[in-house]
Structure formats: structure tokens, C-alpha cells
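S.K.: How does the following fold in three dimensions:
(chains A and B)
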Amino acid sequence: MKENILIIGGGAAGMEAATQLQKMGLTPIIIEKSEALGGHIAQWDRLFPAFHPAKDVVEKMLGQVKDVKTYLNTEVVDIQKDNNGFHAVLSNNETIDAKAVILATGFDIFKAERKQEYGYGIYNNVMTSVELEKFFRTGKDERINNPKKIGFVHCVGARDVKVCNTYCSKVCCTTALKQACEIKEMFPDADVYTFYMDLRMFGPGYEDLYLKTQKDFDVKCVRGRVCEVSEDMDGKLVIKAEDTLFGKPLKMTLDVLVLMCAMEKNKSIDAIQQKLGIANNNDGFMQNSDMYLGMNNTAQDGVFVAGACTAPKSLPDTIGEARSVATQVYNYINR
Amino acid sequence: MIVEGKQKIWADYQKDIPDDHYFYVRSCIRQSFWPASEVTFLDIVRNKLGKDFYENEYHTTCGGIAYHSDSIPQETAMTIIARQFALMHESGYENYVCSCITSFGLYTETLETWREFPELEAKIRQYLWDSCKKEFAKPKYLAHASDMIYKFRFDIAKQMKFPLVNVKTGKPLKVVEHIGCHYSKMFPSKGFGGAEYPYVLVGMVEAWGGEVVDYPERRQCCGFGFRQYFVQANRGYSESNTHKKFESMEPYEPDLIITNCPGCPYFLDRWQYVIAEQTGKTYGKDGYGIPALTYEEVAGLVMGYDPWDLGLQVHQVAIEPLLEKMGIPYDPKKKYQGINGKDLGVPQCPMHIKSV
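M.R.: Just a heads-up that it's a prediction; the model follows:
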């Protein structure tokens, strides 16, 4: 029963699905457009809520897929379905036949420059959460030069009608608190502020992290949105916000402002998704067939979805979905 | 500051503007505040650039001040606007250009509302007929007059006599650009440069040799804000707003403020006097204020119009230091002379802000 299963996307969802399918006796084939497996998580330094090194998780996952046939720097450029299954043409001109397809294409990061009021790409010291994580990983970013005052803005590109993203991006709240603690660890004398709408601490240990952030790290959590960022003569950032708990506007000068950018649907898969007849949901992510019992299924028989391609998801959520998609595919093959 | 980031936004927020044939409507307050600005605009576009800009005597206020002060309902404002558009149509024009920023914002809001709610448009069509017996029409293109000067900024530069350069130092003048809130904050795509980093005035300053100052309170309202000023008890908000802007721009030592709204230059000009009287503080050099000019006045200055023909003597802040920086000749004796040399009378000097 060595049926090929085509997995598009070599991030956490794709790797975990491949691991499980392999254990089930199927033949997963991963197509990854970038030069390495790992996806976004491979760019991360530590994971919330326990500050666990992302590298450990990624290395373990990579070890599990070392025998899985993988195409790097490769994209699916065409795909057809007939009675024998799916026939995918790759960007290297190879053709792969498979009995089922798993879309595990993940997400893109919201382009922070779209929120022009925050001045990303205009003011030097405005950075994204992804760039800060890279700094944690590499120790290099000239914008972070012994900062004394740092701010974090939650929900950048999420829960925001103005940019047509009304959904919650799920992981940014906890990531902001994790990063706030980390920056405070590095620069204990710095004042660190986070500007939030709600703090959505939904997972195990997340609420503890929130308390720790305030109690142990003295991070000031301000309930209110930043409305405007500008730069003063010294290159410092001047922000305006509202503290809704005090009912007062506030103005503050910061050395660095970090934008917690939301997840958006990975649009690089749009053409293939269209060929497969999979629609998007109201949030612009891929539509699964049922949010309760068909979360891995789609309108197309034999096409499955896993991970953040259907909605923003945390790493544990993604891995859980990847494992469940493997079961769905196994059942489909053996139906 | 990453200039390329701004340039990208500026490139994203551009609009195509018809080259010629406009129906022009004046502002209801600018002629009293800045009596020569609209005349100068018409002179530049008609006589210096050879364009067809038509106006007729039957147009009225757009109703914007009453609408934003909650004195009239939206339908009333829309019917007034429909009448203005009908006048344009009757005059044989399709392109509409207005002098006032509030009007521009309200016209834009009205057209967008009609597009979203056709049943409201039908209602206004009927109101227009019932009240004025006029045929309903919409402009093919709506522009603000500053859009036109922006569009023709390089043509103006070709006729420029006095660039925005300090003749003594050879350095570009430092110019604060202040955009009226209703230009693009409500509908970013309707303004050159969008809402956060508007380009309409920056483009003029750059084309005429100046250097734009970006300061922390750049986006802040001038202080007019309608009810901030119209409600007498709120005037402290208006003044403190303006004060905040001046405190923020002061370290950059700007030579000039350029504006594109009726109210902005008024409040940025007059509150400097009040602040000086109250606190003794002035924001220009040597006890002077910072001149706050309309874009037509700035265009007129660079093109070599006589400063007094531009009405610069009605500004509270003395204009002479700027004229000297730019090397513009002027006759001090003619400052307070009206048409045909009529003596307008010399105003009383303020205590703290220096006048010439």
C-alpha cells in the first residue's frame, strides 16, 4: 500500500503530516518552495509559553522526516485529477502522481507597511515581531542599541476592518508577552510597554505567562491602541495611544516599536488552490468542509488541509491538525 | 527617516487629473481670511498657464461648516451640493474644482455616499427638483484646487522667479507642510500621497526648491476642528492644539508653513499672536512668528507676484523676514494700501510678536 501522498508545504504541518503518514505505511512527498524545511518556526528563537528553543522542536521534526522524499526550492506549477488520482507538475518539470494531496501551505506575515500610521518602512526604529525574533536568534540588528524604552503593538493587521482582516491572529498576544519578557531579560533597565485590545491568553500556561510578564518582568500592559507614530529630531519614535482603562490619551517617546504582525493566507498557492477547486473562507484563508468534523477536508475529494492555511494557528494546534490530517488521508486511501 | 518608504507610498497614492476645463467654486471663508488667494489661483491657471477655469456668481457655500457643526442634516448639505453640481452642468462643465478643503471632503463624502446608497441619491435628486427646479448631475471629476497647483507645479517652476531658497545662505528654506484634515484623512485614495504622508504640498515645496520638515505633530489638526473653535467654551482646545504643533516644530526652525485649507493658515497664523500675548513666546527667529501661507500665496511668491497684491499684509505674522530670505523686493510703504493706493490704516502692533 505504498501510495504517494503529495504534501505541499514543508513547515510544521507538512513535516508532521509526513511523519505520521510514513508511520502509517504511506509514501509522503513534500514539496517546499524555499531552500529548507521548517517554515516560519525555523525562523523563531524561542517558543511561548515556556521559552522553549524553537530549534529543538524543528530539529526533532526534521529528524523524523529525514527519509521522506522532499523537493526543496520547488513549487507545484500545475495539478490535474483523474480516476487514478492527482498528477502534479513541479517547477523542475518532474511530474508526481499521488492518491491524495495535503495543502499545508501555512501563512504569510501581514505586511506592516500597510498600516501606514505605524510608520514601518518610514521610521527606522519601527520593526516587526519577526525581525525582533531574528534579533533574538542572531543577536544582530542595528536598530536595537541598548534601548531604554520599547513598545509592542498588538493586532497589527488583525481584528482590523480597515485592512479587511477582522479575524484574531491567535498567537500575537502571547508572542508579544514572550518577546517583551525576552527584551526585558536582555535590557533589564528598559521600560517595556505593550499596547493591546484584549489579551487572549487561551492556552495552557499562557495566563501564567501574562502574570509573569507583569510580576517578574515589570512589563506595562496598556489596554489601548496606538494611533500614530512619528519621529523626533533624535530619531526617537513618538507614539500616540489611548489608555482605555484610565480613559486618557497618552503620548510617549520610544527607542524601538515592535509591530505584532498578523498571519494572512499564503497567497503563493492561489493558482493551484483554484485548480483544485478549493474556495477561501470569509477571512481569506482556505475553506475546509466543516469547522467541527471536517476541519481537514475540503470540497474536493482527495484534497486535505492542515495547519495555518485555513486560519491562524499556534504550533500545538498545527501539529494536532497535522496528525489528524494523516488519519483522514489514511482513511481516505483505505475507504 | 527612510525616504524610499515615503516615496513608495507617494507612488501608490497618485490620481489622474484632467488637464483643463474646470468649474471652479470658491470657499465661503477664504475670501475674508486670505483675500487674494483665490484670485491668484485663477490668475495663475488662466493667465499664466492658459487653462479654462470657469466660475459663476450663483454658487453658494457647500454647507460644510453647518454640516460639521451639526446645524443642518446631511440631506440638506447634499441638496446644496447637488445644486452646485447642477450649476456646473448648466455651465457646460464636467470637472469640478473647489477652493476649500472642507468642501472637497464633503463633496467626496457625498459622491461616495450616493455611490453606496443610490436610494439616497434618488431622494436628493427629488429634493433638488422640488427646491430649485434644477436637473441633477454629478461631476465626472472632482479635484481640490491644491491638486491643480500640484499638477502644474513644474509648469509653475518654469516661470519661477524666487525659489524657496535662502538667498543669503543658498540653502533650501525649511518648510512645514500642513494638510487640511478633510483633504485625505477620510478618503485616503482621493488625495495625493494618501492620509498619513500626503504629498500634495510636499510636491510643490520640492518642485520650488524648498525642503520639507517632518516633525512629530505633523499630522495633528491645526486647531480649528469646527466645534473646537465655534463653541466658544472650547476655544482653549483649539489654541492648545495649535500650541502643541508649534512646540513640536520649533526645534526644526522652519522658515515657512504652507497649507491647503481655509482654516489652517488662519489658526496657525492668529494663534501665534495669542500664544505670544499669553506666554511671551514666539516661534520664529528674533521675536517674529513663522509665516503660515496658503499654497496660492506661496505659488504667487515664487512666481514673482507683489507680496501686497497677494494679501500678505493681512497675516498676523509679519511676512517681511521671509521676503528678505527669498530675496523678494517689496515696498514697505505699500503694505497697507488697498486698490488704487487707498489707505487701509496701519493696525496696532501686538506686544510680544514682532511686526514690521
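S.K.: looking at this, A:D108 is in a helix?
M.R.: No: under DSSP: H, G, I helix; E, B strand; the rest coil, A:D108 sits outside any helix and is assigned strand.
S.K.: was I right about it contacting A:K267?
M.R.: Yes: counting by Cβ atoms under 8 Å, A:K267 is a contact partner of A:D108 at 6.6 Å. Yep, even glycine has a C-beta here, placed from its N, CA and C like the rest.
S.K.: When the two are compared, which one has more neighbours?
M.R.: A:D108 (16 against 13; other Cβ atoms under 10 Å in any protein chain shown).
S.K.: show me what contacts the more buried one?
M.R.: A:D108 is in contact with A:263-268, counting by Cβ atoms under 8 Å, 6 or more residues apart in numbering or on different chains.
S.K.: Just the buried ones among those residues, please.
M.R.: With burial judged by 16 or more other Cβ atoms under 10 Å in any protein chain shown, the buried subset of these is A:263-266.
S.K.: which one of these is nearest A:E321?
M.R.: A:M263 (14.3 Å; Cβ to Cβ).
S.K.: Quick check: phi and psi at that closest one.
M.R.: Reported as degrees, to the nearest 10, the phi and psi values for A:M263 are phi -90, psi 140.
S.K.: swap in A:I31?
M.R.: The phi/psi pair for A:I31 (degrees, to the nearest 10) reads phi -110, psi 120.
S.K.: all strands for the stretch 201-350 of chain B, in order.
M.R.: With DSSP state E, counting those that start in this stretch as the criterion, the stretch 201-350 of chain B has strands at B:211-213, B:256-259, B:292-294.
S.K.: low-confidence ranges in chain A?
M.R.: Filtered on pLDDT under 70, chain A yields the residue ranges A:1.
S.K.: Show me which positions of the biggest helix by length in it end up buried.
M.R.: For chain A, the longest helix by residue count, based on DSSP state H, is helix A:315-333. Buried residues in helix A:315-333, counted by 16+ other Cβ under 10 Å: A:315, A:317-326, A:328-330, A:332-333.
S.K.: what packs against that helix?
M.R.: Packing partners of helix A:315-333 (3 or more Cβ pairs under 8 Å, 6 or more residues apart in numbering or on different chains; DSSP states H and E): helix A:12-23, strand A:100-103, strand A:303-305.
S.K.: Closest to the centroid, which residue in chain B?
M.R.: Among the residues of chain B, the one closest to the centroid is B:N260, at 2.3 Å (Cα atoms, centre = their mean).
S.K.: Am I right that that one is in contact with B:S146?
M.R.: Yes: contact criterion Cβ under 8 Å: B:N260 and B:S146 qualify, at 3.9 Å.
S.K.: Overlap in contacts, those two.
M.R.: B:183, B:200-201, B:295.
S.K.: Please spell out the PyMOL selection for the buried subset of those residues.
M.R.: Buried residues within the shared contacts of B:N260 and B:S146, by 16+ other Cβ under 10 Å, are selected in PyMOL with:
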select buried, chain B and resi 183+200+201+295
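S.K.: Filter the shared contacts of B:N260 and B:S146 down to the ones in helices?
M.R.: Among the shared contacts of B:N260 and B:S146, the ones falling in helices (DSSP H) are B:183, B:200-201, B:295.
S.K.: Name the SS class of A:V238, please.
M.R.: Relying on three-state DSSP, one would call A:V238 strand.
S.K.: can I see the domain layout of the chain?
M.R.: Assuming you mean chain A. Here the domain parsing of chain A from automatic domain parsing is A:4-106+A:266-333, A:112-263.
S.K.: other chain: chain B
M.R.: As given by automatic domain parsing, the domain ranges for chain B are B:18-145, B:160-341.
S.K.: any chance of the ones you listed in a markdown table, with mean pLDDT and distance to chain A too?
M.R.: A markdown table is the format used below for the domains of chain B (pLDDT from 0 to 100; distance: least, Cβ to the nearest Cβ, whole Å):
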| stretch | mean pLDDT | distance to chain A |
| --- | --- | --- |
| domain B:18-145 | 96 | 15 |
| domain B:160-341 | 95 | 4 |
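S.K.: Contact partners for the nearest residue to A:K170 once chain neighbours are set aside?
M.R.: Spatially, and ignoring its direct neighbours in sequence, A:K170 is nearest to A:P312 (4.3 Å; Cβ to Cβ, 6 or more residues apart in numbering or on different chains). The contact partners of A:P312, by Cβ under 8 Å, 6+ apart, come to A:107, A:158, A:167-171, A:262-263.
S.K.: Redo the residues you listed as CSV? Include secondary structure.
M.R.: Formatted as CSV, those follow (three-state DSSP):
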residue, secondary structure
A:F107, strand
A:A158, coil
A:Y167, coil
A:C168, coil
A:S169, coil
A:K170, coil
A:V171, coil
A:A262, coil
A:M263, strand
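S.K.: could you flag which of the residues you listed are buried?
M.R.: Of the contacts of A:P312, these count as buried by 16+ other Cβ under 10 Å: A:107, A:158, A:167-171, A:262-263.
S.K.: Just give me the closest of the shared contacts of B:N260 and B:S146 to B:N241.
M.R.: Distance to B:N241, by Cβ to Cβ, is smallest for B:Y183 among these, at 17.5 Å.
S.K.: which ones are touching the closest one?
M.R.: B:101, B:104-105, B:144, B:146, B:191, B:198, B:200, B:260-261.
S.K.: can you do 10 Å?
M.R.: B:101-102, B:104-105, B:108, B:144, B:146-147, B:190-193, B:195, B:198, B:200-201, B:260-261 (Cβ atoms under 10 Å, 6 or more residues apart in numbering or on different chains).
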